[in-house]
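Asker: quick one: sequence and predicted model below, then my questions.
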Amino acid sequence: MGKIVCITGATSGIGRSCAFRFAESGCSIILIGRRSDRLSEIETDLKSKFEIQVHSIELDVTNRQNVVDAVNSLPDRFREIDVLINNAGLALGLEPMQDGNPENWDRMIDTNVKGLLNISHAVMPLMIKQGRGHIINIGSIAGREVYPKGNVYCATKAAVDSLTRAMRIDLLPYGIRVTQIAPGAVETEFSLVRFNGDAQKANSVYNGFEPLHPDDVADVVFYAAGLPPHININDLLLMPTAQAAATQIHRT
Ligand code: NDP
Ligand code: 8X3
């Protein structure tokens, strides 16, 4: 494919899988995440396995000025970003709204909504200038359906859905594709983060059925990015076969 692909939240789960999937096809990869040890480990691995160019950026997407600075200081060979995968995101807690922690709400909104806006706003001018680009936003089944105790996380993913549609309209004159890939349950570090490191609680989310694996989502993202330039997947909901809806999972 040979494109320049920028992935937020590349240190784990879906983002990490996307990095390997695109690297395998010869793409240059920009890795973004907060954990520098993970970034350097993944960068080394990608370079040795695929002999590609990798640029790692230790960056919190919620820090708007740092996002702007990071994009402005991209080395020349990484500036013409073809694909931006807005993947960084998290859920914190699972409780009724009246028992929720407003600090967790702030972090989810700052990361999942404002973080996506920060990166997109910094990268869009580059794509507009070069007259091509593809923004792929990772939404969720949680953006389609509100489930019990999901409240603010669900709202942030509904915002990703709205922002994806808004971007598609606003970027229409520039030939930039905008896609939402919205998965159901994917086994990653997502639940570990949601339950503040409680591995038992996190594992129980995926008990008794086969969830999606992060590589499954990466394959779909890769497929969407590899279509001829006149085709755009606007929106794709991707579920484990054992999951029919946010709260409908067949466990054995
Ligand atoms: P992981 O927890 O495995 O990965 C999340 C990634 O986001 C990590 O690389 C983390 O890196 C990064 N991240 C979090 N906050 C920030 C931040 N402020 N700045 C930069 N990077 C950040 O979870 P998933 O792979 O599952 O999640 C990826 C996306 O997929 C999220 O948007 C999530 O909402 C969505 N999703 C997940 C589903 C699931 O069931 N797992 C289903 C549907 C959607 P670091 O900590 O190093 O910063
Ligand atoms: C992650 C999937 O259903 O736990 O977005 O919200 S869910």
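Answerer: That came through, no problem. Ligands and ions are numbered 1, 2, ... in the order given.
Asker: mind listing what residue 156 touches?
Answerer: Applying Cβ atoms under 8 Å, 6 or more residues apart in numbering, we find residue 156 in contact with 89, 108-109, 112-113, 143. Glycine gets a C-beta too; all of them are placed from N, C-alpha and C.
Asker: okay, it and residue 114: tell me how far apart.
Answerer: 10 Å (Cβ to Cβ, to the nearest Å).
Asker: quick one, helices of the stretch 151-252 of the chain?
Answerer: Using DSSP state H, counting those that start in this stretch, the helices of the stretch 151-252 of the chain run over 151-170, 190-194, 199-204, 214-226.
Asker: let me know which of those is the nearest to ligand 1.
Answerer: Among the helices of the stretch 151-252 of the chain, the nearest to ligand 1 by Cβ to the nearest ligand atom is helix 190-194 (3.4 Å).
Asker: so how far is that closest one from its chain's centroid?
Answerer: From the chain centre to the centre of helix 190-194 is a distance of 15 Å (Cα atoms, centre = their mean, to the nearest Å).
Asker: just say helix, strand or coil for residue 38.
Answerer: Three-state call for residue 38 (DSSP: H, G, I helix; E, B strand; the rest coil): helix.
Asker: that one reaches residue 11, doesn't it?
Answerer: Yes: Residue 38 is within contact range of residue 11, at 3.8 Å (criterion: Cβ atoms under 8 Å).
Asker: near ligand 2, which residues of the stretch 151-252 of the chain? Just list them.
Answerer: Residues of the stretch 151-252 of the chain lying near ligand 2 by Cβ under 6 Å from any ligand atom: 185, 190, 246.
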